[in-house]
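Q: How does the following fold in three dimensions:
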Amino acid sequence: MNTYMAIAFGGAFGAVSRFWLHGAVQRFNGSSFPLGTFAVNILGSFLIGVFFVVLAEKAQLSEPWRPLIVVGFLGAMTTFSTFSLDALLLFEQGHYNTALFYIVSSVALCLFAAFAGMQITRVVL
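A: Just a heads-up that it's a prediction; the model follows:
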(Lines give C-alpha, C1' and ligand atoms only; values in the text may rest on other atoms or scores of the structure.)
Protein backbone atom coordinates (compact mmCIF):
# COMPACT_ATOMS: atom_id res chain seq x y z
CA MET A 1 0.00 0.00 0.00
CA ASN A 2 1.39 3.37 -0.96
CA THR A 3 1.88 5.93 1.83
CA TYR A 4 -0.68 8.40 0.47
CA MET A 5 -3.33 5.69 0.25
CA ALA A 6 -2.49 4.58 3.80
CA ILE A 7 -2.91 8.15 5.08
CA ALA A 8 -6.20 8.52 3.20
CA PHE A 9 -7.52 5.24 4.60
CA GLY A 10 -6.50 6.14 8.15
CA GLY A 11 -7.88 9.65 7.71
CA ALA A 12 -11.27 8.38 6.58
CA PHE A 13 -11.51 6.08 9.58
CA GLY A 14 -10.29 8.82 11.94
CA ALA A 15 -12.76 11.41 10.62
CA VAL A 16 -15.70 9.03 10.97
CA SER A 17 -14.50 8.08 14.47
CA ARG A 18 -14.32 11.75 15.47
CA PHE A 19 -17.78 12.46 14.08
CA TRP A 20 -19.27 9.50 15.94
CA LEU A 21 -17.48 10.08 19.25
CA HIS A 22 -18.10 13.84 19.19
CA GLY A 23 -21.80 13.27 18.58
CA ALA A 24 -22.08 10.58 21.24
CA VAL A 25 -20.45 12.79 23.89
CA GLN A 26 -22.37 15.94 22.93
CA ARG A 27 -25.73 14.16 23.29
CA PHE A 28 -25.05 13.95 27.03
CA ASN A 29 -23.74 17.50 27.36
CA GLY A 30 -26.29 20.04 28.49
CA SER A 31 -23.96 23.03 28.67
CA SER A 32 -22.17 25.35 26.26
CA PHE A 33 -18.90 23.57 27.05
CA PRO A 34 -17.63 21.78 23.90
CA LEU A 35 -17.30 18.42 25.62
CA GLY A 36 -17.26 16.42 22.37
CA THR A 37 -14.18 18.15 20.99
CA PHE A 38 -12.59 18.09 24.44
CA ALA A 39 -13.05 14.30 24.74
CA VAL A 40 -11.91 13.58 21.19
CA ASN A 41 -8.71 15.59 21.59
CA ILE A 42 -7.82 14.05 24.96
CA LEU A 43 -8.44 10.53 23.66
CA GLY A 44 -6.43 11.28 20.51
CA SER A 45 -3.56 12.62 22.60
CA PHE A 46 -3.57 9.50 24.76
CA LEU A 47 -3.61 7.30 21.65
CA ILE A 48 -0.73 9.18 20.01
CA GLY A 49 1.31 8.49 23.14
CA VAL A 50 0.40 4.80 22.94
CA PHE A 51 1.09 4.50 19.23
CA PHE A 52 4.33 6.45 19.44
CA VAL A 53 5.70 3.87 21.85
CA VAL A 54 4.26 0.93 19.92
CA LEU A 55 5.31 2.11 16.46
CA ALA A 56 8.58 3.90 17.17
CA GLU A 57 10.03 2.16 20.22
CA LYS A 58 8.62 -1.35 20.40
CA ALA A 59 7.51 -2.63 17.01
CA GLN A 60 9.81 -0.47 14.88
CA LEU A 61 7.10 -0.30 12.21
CA SER A 62 7.37 2.28 9.48
CA GLU A 63 5.62 2.47 6.12
CA PRO A 64 2.64 2.27 5.77
CA TRP A 65 1.59 1.74 9.39
CA ARG A 66 3.09 4.78 11.01
CA PRO A 67 1.59 7.33 8.58
CA LEU A 68 -1.70 5.41 8.44
CA ILE A 69 -2.17 5.54 12.22
CA VAL A 70 -0.43 8.76 13.26
CA VAL A 71 -0.98 11.10 10.31
CA GLY A 72 -4.15 9.57 8.90
CA PHE A 73 -6.24 8.19 11.74
CA LEU A 74 -5.09 10.34 14.68
CA GLY A 75 -4.62 13.45 12.53
CA ALA A 76 -8.20 13.20 11.30
CA MET A 77 -9.62 12.14 14.65
CA THR A 78 -8.19 15.02 16.67
CA THR A 79 -9.11 18.54 15.74
CA PHE A 80 -7.16 21.62 16.68
CA SER A 81 -9.17 23.81 14.30
CA THR A 82 -12.45 22.87 15.99
CA PHE A 83 -10.84 23.46 19.39
CA SER A 84 -9.84 26.96 18.22
CA LEU A 85 -13.30 27.73 16.85
CA ASP A 86 -15.04 26.42 19.98
CA ALA A 87 -12.83 28.61 22.19
CA LEU A 88 -13.45 31.70 20.06
CA LEU A 89 -17.21 31.10 20.03
CA LEU A 90 -17.24 30.79 23.81
CA PHE A 91 -15.45 34.16 24.03
CA GLU A 92 -17.86 35.74 21.53
CA GLN A 93 -20.85 34.46 23.51
CA GLY A 94 -19.47 36.03 26.69
CA HIS A 95 -18.52 32.74 28.36
CA TYR A 96 -15.06 34.04 29.27
CA ASN A 97 -14.38 31.77 32.24
CA THR A 98 -15.59 28.71 30.34
CA ALA A 99 -13.40 29.64 27.36
CA LEU A 100 -10.32 30.09 29.52
CA PHE A 101 -11.02 26.85 31.37
CA TYR A 102 -11.48 25.06 28.03
CA ILE A 103 -8.21 26.37 26.61
CA VAL A 104 -6.07 25.71 29.68
CA SER A 105 -7.61 22.34 30.52
CA SER A 106 -7.49 21.14 26.90
CA VAL A 107 -3.80 21.87 26.54
CA ALA A 108 -2.89 20.53 29.99
CA LEU A 109 -5.01 17.38 29.76
CA CYS A 110 -3.95 16.60 26.19
CA LEU A 111 -0.29 16.85 27.17
CA PHE A 112 -0.92 14.72 30.24
CA ALA A 113 -2.90 12.18 28.18
CA ALA A 114 -0.07 11.83 25.64
CA PHE A 115 2.43 11.41 28.48
CA ALA A 116 0.19 8.87 30.23
CA GLY A 117 -0.29 6.94 27.00
CA MET A 118 3.47 6.73 26.51
CA GLN A 119 4.22 5.74 30.10
CA ILE A 120 1.44 3.17 30.41
CA THR A 121 2.41 1.57 27.11
CA ARG A 122 6.07 1.39 28.14
CA VAL A 123 5.10 -0.38 31.37
CA VAL A 124 2.67 -2.77 29.68
CA LEU A 125 4.94 -3.62 26.74
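Q: what's the pLDDT at the closest residue to Arg18 other than its chain neighbours?
A: Nearest residue to Arg18, sequence neighbours excluded (CB to CB, 6 or more residues apart in numbering): Met77, at 4.7 Å. Every C-beta, even on glycine, is put in place using the N, C-alpha and C of the backbone. Looking at Met77, its pLDDT reads 97.
Q: Tell me the helix or strand right after the helix-or-strand element of the chain with minimal mean pLDDT.
A: The least trusted helix or strand in the chain, going by mean pLDDT, DSSP states H and E, turns out to be helix 65-66, with a mean of 89. The element immediately downstream of helix 65-66 (helix or strand, assigned by DSSP states H and E) is helix 75-77.
Q: what's the helix or strand following that next one in contact with?
A: Using DSSP H and E, the helix or strand that follows helix 75-77 in sequence is helix 80-92. By CB atoms under 8 Å, 6 or more residues apart in numbering, the residues outside helix 80-92 that reach it are 32, 34, 37, 41, 96, 98-99, 102-103, 106.
Q: show me what contacts the residue nearest to Ala76 when sequence neighbours are not counted?
A: Leaving aside its sequence neighbours, Ala76 sits nearest to Gly14 (CB to CB, 6+ apart; 3.2 Å). Shown in contact with Gly14 (CB under 8 Å, 6+ apart): 72-77.
Q: what pLDDT does the residue of the chain most remote from its centre get?
A: Most distant from the centre of the chain: Gly94, at 26.5 Å, with distances by CA atoms, centre = their mean. For Gly94, the model assigns a pLDDT of 98.
Q: now Met1
A: At Met1, pLDDT is 74.
Q: Please apply the same query to Ile120.
A: Ile120 carries a pLDDT score of 98 in this model.
Q: for it, helix, strand, or coil?
A: helix (DSSP: H, G, I helix; E, B strand; the rest coil).
Q: what's the answer for Gly36, then?
A: Applying three-state DSSP: Gly36 is helix.
Q: so what's it closest to, chain neighbours aside?
A: Excluding its sequence neighbours, the residue lying closest to Gly36 (CB to CB, 6+ apart) is His22, at 3.6 Å.
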